[in-house]
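Asker: Here is my input, please return the structure:
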Amino acid sequence: MSPVGILHLVLLLVGAAILLALLADKLKIPPAIPLVLGGIVLALIPGAPPLNLDPSLILVLFLPPLLLYAAYFTVWSDFRAEIRPIAMLSFGAVAFTTASVGGVAHWIIPTLPWPACFALGAIVSPPDAVSARAVFARLNVPRRIQTILEGESLVNDASGLVLYRLAVVAAMSGTFSLAQAPFTLLWLVCGGIGIGSAVGSVVTFALRQLEDSRYIVVVTMLAAYGSYIAAEEAHASGVLSVVTCGLLIGWHQHEVLSAQARSDSHAVWDLVVFILETLVFVLIGLSLHGILERMGGKTHLWEQAMPLAVASTATVIISRFLWVFPSSVVTRWIVPGLSERDPPPSKAVLSIMSWSGMRGVVSLAAALALPLKFPGRDPIIFATFAVILVTVLVQGLTLGPLVKWLKLPELDSHPQATPTLSFAETRVKINEAAVQALETIVDTDDGVAHKGLLEEYRSRMKATERLRDEDDSIGKESHAHFKAALTATQQSRAELLRLLHAGEIHESVAHEIEAELDLEEIRWRKLTEAIPEKGSREHPDNEPD
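Answerer: Predicted structure coming up:
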């Protein structure tokens, strides 16, 4: 198939993915489920074109935007409060799963080199919280569980891919220095975090100087790829670099981005992430098609691939239970007084966290990125897809019923020094700030504070009628009206950020209310610009929306 034909096919498949996503919304199931099934269908289509994409391009193309997007929306206060359980899962569980799957893989296929076995373990070790989040969003699941799982999915991608990189280098070079490994690992981690911090700081400074949403979106996209490539060129961890950069930009977004820029960038990034995640499943379908063709009629390949897939899937699921339950007890036994500060979670909570181990797009991208001459590449990709298929279908479809059946107890967030305000209490605070701002602008309520929505629309109708008649006086009145409303909205935002930085509100509350204020600010700003202060005669075609 020609390159143009492949482009047509990809566009067609992306369109089909939209239908699959709509189907997932309709059935109220995780979106990864129909995409996985779509990948299977694509792999079984006779005559599907082979995949000729350079494997070295896969990680560079897909990972930076996906990781920056996840890090950008991470609630840093929650992440920091739950750093202990997140670290236990992100580092401990990933290392344990990598070793377990690697050992089982070598037992199933003794001829497969140890580095290749551990590469498979590193590929399937990091769970993806997207599917779990899609299930939890429809259930009354304690926020702390969601925080731990989402924090784990952010960091375990880094830890898993660091191990993956070490395993791939060892497999391709045929050598592995145990004495050099700690120094290599130290540089991967520290170098990645350092480079990510530097790039994030530079990008944050640049965003303060920009106002045009188009430039801001491009700069954030360049930040994702720039932080990754810079770290990789320095032989550090590109994944950790992107995550660090995303955390920095996300933390400063409230001060450096305008309402319009934040709204536009969110829309663009949502689209980019959806397309990239869709393309990964398209690529895995095309890859599986080539793998199945190469394995067709070759009994020894099936005898290797199928047992490896089954054993890897079982090991991934079992190893998470074997880590989650004992680690909760061992850490409290090692750290004196931890049980008093943080009582051990119930068996129901541990069961949910153990069962929330769906694998996803990062594992797919890592498997596709294996060099073409990597030992056991086809069986490894086949086993990776099997792990994703079973965990997404079985765990993804049963997680919801399991949560309802276990009847999870209330699990408060990590204790905080200052209790946070609710949504309602926060809205009262920011509205009080808006009223105070208006009171400093006008002496009376007339012309600024309307008594009801109907009165506001009647006033707007009269304003447009007078604008039509080219009455300059209404232009000045309207401009003052909209400018006062804009000032009130800006004061509300300032109060919201003050509450956030003082630790009086939760960051998720700030994000939701800030989105509301963004829409208000965009509206008032457009109306202010549409009605010049000198009147309407200079721009007769501009009318309030």
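
Asker: show me where pLDDT drops low in the stretch 301-450 of the chain?
Answerer: Counting by pLDDT under 70, the stretch 301-450 of the chain shows low-confidence ranges at 301, 338-340, 408-425, 427-428, 430-432, 434-450.

Asker: what about the strands in it?
Answerer: With strands called from DSSP state E, counting those that start in this stretch, the stretch 301-450 of the chain shows none.

Asker: Over to the chain?
Answerer: Using DSSP state E, no strands are found in the chain.

Asker: what sits against the residue sitting nearest the centre point of it?
Answerer: Most central in the chain under Cα atoms, centre = their mean is A70, positioned 2.5 Å from the mean C-alpha point. Shown in contact with A70 (Cβ atoms under 8 Å, 6 or more residues apart in numbering): S153, L154, V243, G246. Placement of C-beta: from N, CA and C, glycine included.

Asker: List the contacts of the second one.
Answerer: What it means is L154. L67, A70, A71, T74, F79, S90, V243 are the contacts of L154 under Cβ under 8 Å, 6+ apart.

Asker: Go through those residues and name the one nearest P307.
Answerer: S90 (29.6 Å; Cβ to Cβ).

Asker: Can you tell me the number of residues neighbouring the closest one?
Answerer: Neighbourhood size, S90 [other Cβ atoms under 10 Å]: 24.

Asker: what sits against the residue lying closest to it once chain neighbours are set aside?
Answerer: Leaving aside its chain neighbours, S90 sits nearest to V155 (3.7 Å; criterion: Cβ to Cβ, 6 or more residues apart in numbering). Listed by Cβ under 8 Å, 6+ apart, the contact set of V155 reads I86, A87, S90, F91, V243.

Asker: what do you get for G121?
Answerer: Counting by Cβ under 8 Å, 6+ apart, G121 has contacts T97, T98, A99, S100, V101, G102, A105, L163, A167.

Asker: switch to 7 Å and redo it
Answerer: When the contact criterion is Cβ atoms under 7 Å, 6 or more residues apart in numbering, the partners of G121 are T97, T98, A99, S100, V101, G102, A105.

Asker: Columns distance to A267, neighbour count and pLDDT on top of these, output as TSV?
Answerer: Below are the contacts of G121 laid out as TSV (distance: Cβ to Cβ, whole Å; neighbours: other Cβ atoms under 10 Å; pLDDT from 0 to 100):
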residue	distance to A267	neighbour count	pLDDT
T97	36	28	95
T98	37	26	95
A99	42	17	95
S100	42	20	96
V101	39	29	96
G102	42	25	95
A105	42	28	95
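
Asker: Just the closest of the contacts of L154 to L497, please.
Answerer: Of those, the one sitting nearest to L497 (Cβ to Cβ) turns out to be T74, at 18.0 Å.

Asker: residues touching that closest one, list them.
Answerer: Neighbours of T74 in contact, by Cβ under 7 Å, 6+ apart: L154, L247, G250.

Asker: Reformat the residues you listed as a markdown table; add distance to A32 and pLDDT.
Answerer: Shown next, in a markdown table, are the contacts of T74 (distance: Cβ to Cβ, whole Å; pLDDT from 0 to 100):
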| residue | distance to A32 | pLDDT |
| --- | --- | --- |
| L154 | 17 | 77 |
| L247 | 25 | 89 |
| G250 | 24 | 87 |
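
Asker: Okay, and which of these map to helices?
Answerer: Using DSSP state H, L154, L247, G250 are the members of these that sit in helices.

Asker: Pull up the gap between the residue nearest to the centre of the chain and S327, please.
Answerer: Distance from A70 to S327, counting by Cβ to Cβ, to the nearest Å: 24 Å.

Asker: which parts of stretch 482-501 are buried?
Answerer: Neighbour counts over stretch 482-501 (16 or more other Cβ atoms under 10 Å) mark 482-493, 495-497, 499-500 as buried.

Asker: typed the wrong thing, it's stretch 213-231
Answerer: So, applying 16+ other Cβ under 10 Å, buried residues of stretch 213-231: 213, 216-217, 219-221, 223-231.

Asker: now stretch 281-299
Answerer: 281-292, 295.

Asker: chain center to it, what's the gap?
Answerer: Its chain's C-alpha centre and that of stretch 281-299 lie 29 Å apart, by Cα atoms, centre = their mean, to the nearest Å.

Asker: With stretch 71-80 instead?
Answerer: Taking Cα atoms, centre = their mean, the mean C-alpha location of stretch 71-80 is offset from the chain mean by 11 Å.

Asker: For the stretch 1-150 of the chain, just list every one of the helices.
Answerer: 3-27, 32-44, 55-72, 76-81, 83-87, 94-108, 114-124, 129-136, 143-173 (DSSP state H, counting those that start in this stretch).

Asker: and those helices as CSV, adding distance to L397?
Answerer: Below are the helices of the stretch 1-150 of the chain laid out as CSV (distance: least, Cβ to Cβ, whole Å):
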stretch, distance to L397
helix 3-27, 10
helix 32-44, 7
helix 55-72, 24
helix 76-81, 28
helix 83-87, 26
helix 94-108, 22
helix 114-124, 19
helix 129-136, 9
helix 143-173, 17
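
Asker: Lowest average confidence across those, which one?
Answerer: Least confidently modelled of these is helix 129-136, at a mean of 64 by mean pLDDT.

Asker: so I193 touches L240, yeah?
Answerer: Yes: between I193 and L240 a contact is recorded at 5.5 Å, counting by Cβ atoms under 7 Å.

Asker: who's in contact with L248?
Answerer: S197, G200, S201, T204.

Asker: Quick check: of the residues you listed, which has the highest neighbour count?
Answerer: For the contacts of L248, counting by other Cβ under 10 Å, the largest number of neighbours falls to G200: 26 neighbours.

Asker: how close does that one get to C190?
Answerer: 16 Å.

Asker: Okay, helices next: where are they in the stretch 301-450 of the chain?
Answerer: Going by DSSP H, counting those that start in this stretch, the stretch 301-450 of the chain shows helices at 338-341, 347-355, 361-368, 377-390, 396-406, 423-439.

Asker: Export those helices to a markdown table and append columns for mean neighbour count.
Answerer: Formatted as a markdown table, these follow (neighbours: other Cβ atoms under 10 Å):
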| stretch | mean neighbour count |
| --- | --- |
| helix 338-341 | 11 |
| helix 347-355 | 19 |
| helix 361-368 | 26 |
| helix 377-390 | 24 |
| helix 396-406 | 16 |
| helix 423-439 | 16 |
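
Asker: Looking at these, which is nearest to Q209?
Answerer: Short answer: helix 423-439, nearest of the helices of the stretch 301-450 of the chain by Cβ to Cβ, at 26.9 Å.

Asker: wait, doesn't L288 sit right on A383?
Answerer: No: look at L288 against A383 with Cβ under 7 Å: they stay out of range, at 11.5 Å.
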